[in-house]
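**Q** how would this look folded up:
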Amino acid sequence: MQKTLIILGVILLLGGLLWPWLGKLPFGRLPGDIVIDKPGFKLFFPITSMLLVSGLISLILWFLRK
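**A** Take a look at the predicted model:
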């Protein structure tokens with residue numbers, strides 16, 4: 001459990017430090033992300049982005065278990 005918390009802390013720290021550059025990536029604006037923009041209503045449903053993040057997290061956890 002300690003190892004997991006330390007790894008998550010390091011990932012959060014790196015994400016926070018790299019945020020200015022990470023914000024410029026097209027994440028959230030990928031093909032397949034649904035945006036409905038009407039007057040007084042905006043719906044953003046990032047299907048492709050969620051699949052990408054899920055696959056990346058699964059790959060990282062798979063490597064950590066080996």
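**Q** Centroid-nearest residue for the chain?
**A** In the chain, the residue lying closest to the centroid (CA atoms, centre = their mean) is Val53, at 4.8 Å.
**Q** any idea how far that one is from Leu17?
**A** 19 Å (CB to CB, to the nearest Å). Every C-beta, even on glycine, is put in place using the N, C-alpha and C of the backbone.
**Q** Can you pull out the low-pLDDT segments for this protein?
**A** The model of the chain has no residue with pLDDT under 70.
**Q** you'd agree Val53 is in a strand?
**A** No: counting by DSSP: H, G, I helix; E, B strand; the rest coil, Val53 is not found in a strand; it is helix.
**Q** List the residues that contact it.
**A** By CB atoms under 8 Å, 6 or more residues apart in numbering, no residues touch Val53.
**Q** Dihedrals phi and psi, the residue of the chain most remote from its centre?
**A** No residue in the chain sits farther from the centre than Pro39, which is 28.1 Å out by CA atoms, centre = their mean. Main-chain dihedrals, Pro39, degrees, to the nearest 10: phi -60, psi 120.
**Q** For it, give me its contacts.
**A** Taking CB under 8 Å, 6+ apart as the definition, Pro39 has no contacts.
**Q** For this structure, just list every one of the helices.
**A** Under the criterion DSSP state H, the chain contains helices at 2-17, 19-22, 47-65.
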